[in-house]
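# Need coordinates for the below:
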Amino acid sequence: MMAEMLIELRACDPAANRFRAWRLEAGQDLFGAWTAEVRFGRIGRPGRALLRAFATERELRAFVAARLRRRASAPARIGVAYRCITADAASGVLLAGVGIGMERHNLVVT
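Numbering: from 1, shown residues only. All right, here's what the predicted structure looks like:
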């Protein structure tokens, strides 16, 4: 898969022993299908991976937005907020739309 969208988030709270990682890579494959791969779990562990395919870029963006809204609700669910570790320039709009901050030095040019 060609990574046209890359977002990596982390939620860390040492006092509560919470160390979570979430990474999304999305783009078009060689056959023109839009795909998204999401990897998540405890930092330092293999975690889980999900691969989804979409017919259109719009469906892909809706999927990504829904997953980011879920990550934005982390303070209420797990007690610690996710912060952006890495993101491409195009993902900044999606992150800002759900309230996840993106620091300039974390920008990846693709």
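# Tell me the gap between the longest strand seen in the chain and the middle of its chain.
Counting residues, the longest strand in the chain under DSSP state E turns out to be strand 18-28. In terms of C-alpha atoms, centre = their mean, to the nearest Å, the centre of strand 18-28 is found 4 Å from the chain centre.
# Start at 665, not 1
Shifting the count to begin at 665 puts that one at strand 682-692.
# following it, which helix or strand comes up?
Note on strand 682-692: by DSSP states H and E, the next helix or strand toward the C-terminus is strand 698-706.
# ok, the residue of the chain positioned farthest from its centre to Gly761 distance?
In terms of distance from the mean C-alpha position of the chain, Ala679 ranks first, at 24.2 Å (C-alpha atoms, centre = their mean). Ala679 sits 30 Å away from Gly761, going by C-beta to C-beta, to the nearest Å. Bear in mind the C-beta positions are built from the backbone N, C-alpha and C, glycine included.
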